[in-house]
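# Below is the structure, and that's it, no one-letter string:
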């Protein structure tokens, strides 16, 4: 190997990046005068992407692996430089390493309470916090939209923007869910999953992919929590009247154990006894419920035609409209009241027949007569 070949080998560079900071998202490799020797070795590790930028324009993108930089494996840069054939002279380009691993344990939390309407407590203020994680899914989009030309970029540079995006989406999600405040803890997983789906499009606009989102806690204002504690205490106590009776009995027992002497003690004991007596009377009186007098029910009669119940004074059936009271006539034998259209008496069993009067001469004939016995006219 000649002297020229020796110096040529000294110019070949090794381009690589080992990240010592877990939050670094982009690192620009320092190249003297942006000049890279043709044939330089580029090492891209897992969870990294190397991007070559020529005169402010994104050129070639290299994934994980070991790459030797020649015109054959840099098609875009070769086209931009108008290289028509391979050569070994240096070329100018900027090299950016983009970290594509997941950035986990990114925290979100409500700086101001979320106003929402609750069906049980009315208007309430809700606070919450949790974590999310994301990674760079489109390195070229990220460089164009967010990174720019900085020397390095870490998660703190975009933390505020992402946090506000997450809070905006979750606030809208909580209001749309209309879940009662007391039941929110039952839906942490469901709300987290829906919140992640809501963030997908917003993160994609920056070249990111949101990989997880978790709601760790949702809390109510202190005054609402105190109200809930009081309601819980009332539920534990159960029947308030029984609790008052128990308190009165305990007070009487304590008073009986108090051995106060002298007239002052006797007077205090009498006063305490009177007060306890009133307490007991009120407690036991409150536990007694006055009986409610039964409401008088109107008499009912069944319709003789459709058997529907009707008030006793009604003349016509409310269901079928027929008369409820059939006209009464005396029996021709025993004079008992029977229905006007009855054929037999319900008391004596006599068949009820009526005499036939001749329409022509007015002569009264027997019930079964077919002709008038006086004038012979047909009945």
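Perfect, thanks for sending it. The model shown is predicted, which means the values in this text are computed figures rather than measured ones.
# Pull the contacting residues for the nearest residue to residue 323 once chain neighbours are set aside.
Leaving aside its sequence neighbours, residue 323 sits nearest to residue 316 (CB to CB, 6 or more residues apart in numbering; 5.9 Å). (Glycine included, C-beta is placed from N, CA and C.) Counting by CB atoms under 8 Å, 6 or more residues apart in numbering, residue 316 makes contact with 322, 323, 324.
# Could you find the closest non-adjacent residue to the first one?
Going back to what we said before, that points to residue 322. With CB to CB, 6+ apart, the residue lying closest to residue 322 is residue 305, at 4.7 Å.
# Look up the pLDDT of that neighbour for me, please.
At residue 305, the pLDDT value in this model is 79.
# check contacts around the spatially most central residue of the chain.
Centroid check for the chain by CA atoms, centre = their mean gives residue 179 as the closest residue, at 2.9 Å. By CB under 8 Å, 6+ apart, the contact list for residue 179 reads 187, 191.
# swap in residue 210?
Neighbours of residue 210 in contact, by CB under 8 Å, 6+ apart: 132, 133, 134, 196, 199, 200, 203.
# With respect to residue 69, which of those is nearest?
When those are compared for distance to residue 69 (CB to CB), residue 134 comes out closest, at 31.1 Å.
# so that closest one sits right up against residue 99, yeah?
No - Residue 134 lies out of contact with residue 99 (CB atoms under 8 Å); the separation is 11.8 Å.
# Comparing those two, which shows the higher neighbour count?
residue 99 (25 against 22; other CB atoms under 10 Å).
# Now the more buried one. Nearest residue, chain neighbours left out?
Using CB to CB, 6+ apart, the nearest residue to residue 99 is residue 25, at 5.3 Å.
# Number of residues surrounding that neighbour?
Quick note: residue 25 (other CB under 10 Å) scores 26 neighbours.
# So it sits against residue 155, correct?
Yes - with contacts counted by CB under 8 Å, residue 25 reaches residue 155, the gap being 6.3 Å.
# Find residues that contact each of those two.
residue 103.
# Break this structure into its domains for me.
9-99, 103-224, 323-379 (automatic domain parsing).
# Using TSV, lay out those together with mean pLDDT and distance to residue 257.
Listed next are those as TSV, based on pLDDT from 0 to 100; distance: least, CB to CB, whole Å:
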stretch	mean pLDDT	distance to residue 257
domain 9-99	84	69
domain 103-224	90	40
domain 323-379	78	74
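# Redo those as CSV? Include distance to residue 254.
Converted to CSV, the domains of the chain look like this (distance: least, CB to CB, whole Å):
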stretch, distance to residue 254
domain 9-99, 65
domain 103-224, 35
domain 323-379, 70
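# which one of the ones you listed lies closest to residue 247?
Once the domains of the chain are compared by CB to CB, domain 103-224 is nearest, at 27.4 Å.
# Pull up the distance across the closest one, start to finish.
36 Å (CA to CA, to the nearest Å).
# give the contact list for the spatially closest residue to residue 65 that is not a sequence neighbour.
Nearest residue to residue 65 in three dimensions, chain neighbours excluded: residue 44, at 6.0 Å (CB to CB, 6+ apart). The contact partners of residue 44, taken as CB under 8 Å, 6+ apart, are 16, 50, 62, 63, 64, 65, 66, 67, 97.
# can I get those residues in a markdown table with secondary structure, neighbour count and distance to residue 300?
Written out in a markdown table, the entries for the contacts of residue 44 read as follows (DSSP: H, G, I helix; E, B strand; the rest coil; neighbours: other CB atoms under 10 Å; distance: CB to CB, whole Å):
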| residue | secondary structure | neighbour count | distance to residue 300 |
| --- | --- | --- | --- |
| 16 | coil | 16 | 101 |
| 50 | strand | 24 | 96 |
| 62 | strand | 21 | 96 |
| 63 | coil | 12 | 91 |
| 64 | coil | 14 | 92 |
| 65 | strand | 11 | 96 |
| 66 | strand | 11 | 101 |
| 67 | strand | 18 | 101 |
| 97 | strand | 26 | 94 |
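# Specify which member of those residues is nearest to residue 351.
Nearest to residue 351 among the contacts of residue 44: residue 63, at 117.0 Å, using CB to CB.
# Please report phi then psi for residue 375.
Dihedral angles of residue 375 (phi, psi; degrees, to the nearest 10) stand at phi -110, psi -10.
# Skipping its backbone neighbours, what lies nearest it in space?
residue 361 (4.4 Å).
# tell me which element the one you found is part of?
Counting by DSSP states H and E, no helix or strand carries residue 361.
# how much space is there between it and residue 18?
Relative to residue 18, residue 361 is positioned 141 Å away (CB to CB, to the nearest Å).
# These two: which has the busier surroundings?
residue 361 (12 against 9).
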